[in-house]
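*Asks:* whatever this is, show me its structure:
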Amino acid sequence: MKAMAVSPSQRDVRIVEVPTPVRRGEREVLIRVREVGICGTDREICGFHYGTPPAGADRLVLGHEALGEVVEIGSAVRSLHPGDLVAMTVRRPCPDEGCVACRAGRQDFCTTGHFRERGIKEADGFMTEFIVEDERFVVRVPRALADVAVLVEPLSVAAKAMVDLEAVLRRYPWEPLGLRALVLGAGPIGLLGGMTLVSHDMETFVYSLEPADSERAALVRSFGAEYVSARDMPLSEMASRIGAPDVVFEAVGVSKVAFSALEPLAPNGVYIFSGIPARKGPVEADLDDIMRNIVLKNQVLFGTVNASRSAFEASVRHLEQFMVLFPDAVRGLITRRARLDEAPSLLRQPSGIKQVLKLAA
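*Replies:* Numbering: from 1, shown residues only. Reported below is the predicted structural model:
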């Protein structure tokens, strides 16, 4: 069968032939891959910035944002049936018996760093026709979400962040109502993060590079947030425009921009990092001021990674809610569907918001 793969040692990105997988374990599931989203991580791997093939292999099959359909199940599988639509989680537990997080199925809190990630680190991904996966890492998706379910994986970043945010907000000695949120970046994760914050009744602003009359700006407004273009206003003036945000959701992966948004964070505010910056050398920051504010203003900063099954299950619930609240906005995130043989060019030339490879009907 065909697969989209990268070979770091040869600095090569191309479609390859790989063996069709065979289900062997009693808890394993054979899945036909229907769609796979392309994201910035895939493009960075194709730029050879990172990405590690499985042990003993010289190439890595790409893809970690996937929607599939169950074809066959093992005798011990109980939560899935042939014909079910499913999303697959990405990170796999590390083998260290001393890692309490991974042994509890919460590899998002892995303490060793020896986890594997499908399509990213030491495990082949989903840009292929069929995969075999353990039931534990497969989450059923309602068929009503079929046309947008490829968004479950990127949405799980915001879903996980919301779980952690709600835990942090419980420290308030009052019920936190009328919160103001600022999203940095109008890429897929930023837009999905904005939808999540709006759905939690927060006054939400999305700040990004695109012009105020762009399609992305219109999409932001369509789900009830306000769009602010960096072309019209520097980040340093945002607090005077919108007021100090109680929550900042960072989705740009650029450290200079991310840390600039710490200054306007409100007292008792929460800052969520979701981006992973490329290494580009030192970045200047007023660490004294940052530290002073964190202490004196009782602020919380945390990072979020979408590795647990619970985050994917929460993502499915959020997506169902979004399809009631603003279905056109959700569908508007997917700006192109293409064939697998178009993947090499799409990985080199990003366009639109979310590009999706369609592998099966």
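
*Asks:* the stretch 151-300 of the chain: strands as residue ranges?
*Replies:* Here the stretch 151-300 of the chain has its strands, by DSSP state E, counting those that start in this stretch, at 180-184, 203-208, 226-229, 247-250, 270-273, 300-303.

*Asks:* reformat those as JSON lines; add mean neighbour count and distance to Phe259.
*Replies:* The way it works is simple: take the backbone N, C-alpha and C, and place the C-beta from them, glycine included. Shown next, in JSON lines, are these (neighbours: other Cβ atoms under 10 Å; distance: least, Cβ to Cβ, whole Å):
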{"stretch": "strand 180-184", "mean neighbour count": "27", "distance to Phe259": "11"}
{"stretch": "strand 203-208", "mean neighbour count": "24", "distance to Phe259": "14"}
{"stretch": "strand 226-229", "mean neighbour count": "20", "distance to Phe259": "19"}
{"stretch": "strand 247-250", "mean neighbour count": "28", "distance to Phe259": "9"}
{"stretch": "strand 270-273", "mean neighbour count": "23", "distance to Phe259": "9"}
{"stretch": "strand 300-303", "mean neighbour count": "14", "distance to Phe259": "10"}
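
*Asks:* adding mean pLDDT and distance to Asp288, write those out as JSON lines.
*Replies:* Compiled in JSON lines, these are given as follows (pLDDT from 0 to 100; distance: least, Cβ to Cβ, whole Å):
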{"stretch": "strand 180-184", "mean pLDDT": "97", "distance to Asp288": "23"}
{"stretch": "strand 203-208", "mean pLDDT": "97", "distance to Asp288": "25"}
{"stretch": "strand 226-229", "mean pLDDT": "96", "distance to Asp288": "28"}
{"stretch": "strand 247-250", "mean pLDDT": "98", "distance to Asp288": "20"}
{"stretch": "strand 270-273", "mean pLDDT": "98", "distance to Asp288": "17"}
{"stretch": "strand 300-303", "mean pLDDT": "96", "distance to Asp288": "16"}
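
*Asks:* CSV for the ones you listed, including distance to Leu325?
*Replies:* Below are the strands of the stretch 151-300 of the chain laid out as CSV (distance: least, Cβ to Cβ, whole Å):
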stretch, distance to Leu325
strand 180-184, 16
strand 203-208, 13
strand 226-229, 17
strand 247-250, 18
strand 270-273, 21
strand 300-303, 26
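
*Asks:* looking at these, which is closest to Cys102?
*Replies:* Set against Cys102 and scored by Cβ to Cβ, these come closest in strand 300-303, at 17.9 Å.

*Asks:* what strands flank the closest one, and is each parallel or antiparallel?
*Replies:* Using DSSP bridges, strand 300-303 pairs in its sheet with strand 270-273 (parallel).

*Asks:* what does the partner strand rub up against?
*Replies:* 161, 164-165, 168-169, 246-250, 258, 261-262, 265, 299-304 (Cβ atoms under 8 Å, 6 or more residues apart in numbering).

*Asks:* contacts only, for Glu117.
*Replies:* His64, Val90, Arg91, Arg92, Ala123.

*Asks:* and with 7 Å instead?
*Replies:* His64, Val90, Arg91, Ala123 (Cβ atoms under 7 Å, 6 or more residues apart in numbering).

*Asks:* compare these and tell me which has the most neighbours.
*Replies:* Neighbour tally across the contacts of Glu117 (other Cβ atoms under 10 Å): the maximum, 28 neighbours, falls on Val90.

*Asks:* where's the residue nearest to that one when sequence neighbours are not counted relative to Gly40, distance?
*Replies:* In this structure, Val90 finds its nearest non-sequential neighbour in His64, 4.6 Å apart by Cβ to Cβ, 6 or more residues apart in numbering. His64 sits 12 Å away from Gly40, going by Cβ to Cβ, to the nearest Å.

*Asks:* same question, Gly275
*Replies:* For Gly275 relative to Gly40 (Cβ to Cβ), the value is 9 Å.

*Asks:* cool, and Glu342?
*Replies:* 18 Å.

*Asks:* now the helices: where do they sit in the stretch 1-150 of the chain?
*Replies:* 40-46, 100-103 (DSSP state H, counting those that start in this stretch).

*Asks:* so Asp134 touches Arg27, yeah?
*Replies:* Yes: using Cβ atoms under 7 Å, Asp134 is in contact with Arg27, at 5.6 Å.

*Asks:* alpha carbons of the helix or strand of the chain with the lowest mean pLDDT, in PDB - could you do that?
*Replies:* Sorting the helices and strands of the chain by mean pLDDT, DSSP states H and E puts helix 238-242 at the bottom, at a mean of 87. Below are the C-alpha coordinates for helix 238-242, written out as PDB (Å, rounded to 0.1, in the frame of the first residue of the first chain):
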ATOM      1  CA  MET A 238      -3.700  45.300  23.100                       C
ATOM      2  CA  ALA A 239      -4.500  45.800  26.800                       C
ATOM      3  CA  SER A 240      -5.500  49.400  26.100                       C
ATOM      4  CA  ARG A 241      -7.800  48.200  23.300                       C
ATOM      5  CA  ILE A 242      -9.500  45.200  24.900                       C
END
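
*Asks:* buried sites along it?
*Replies:* Met238, Ala239, Ile242 (16 or more other Cβ atoms under 10 Å).

*Asks:* next: stretch 262-281.
*Replies:* Buried, per 16+ other Cβ under 10 Å, within stretch 262-281: Leu262, Pro264, Leu265, Ala266, Gly269, Val270, Tyr271, Ile272, Phe273, Ser274, Gly275.

*Asks:* centre of the chain versus it, how much separation?
*Replies:* Distance of stretch 262-281 from its chain centroid, counting by Cα atoms, centre = their mean, to the nearest Å, is 17 Å.
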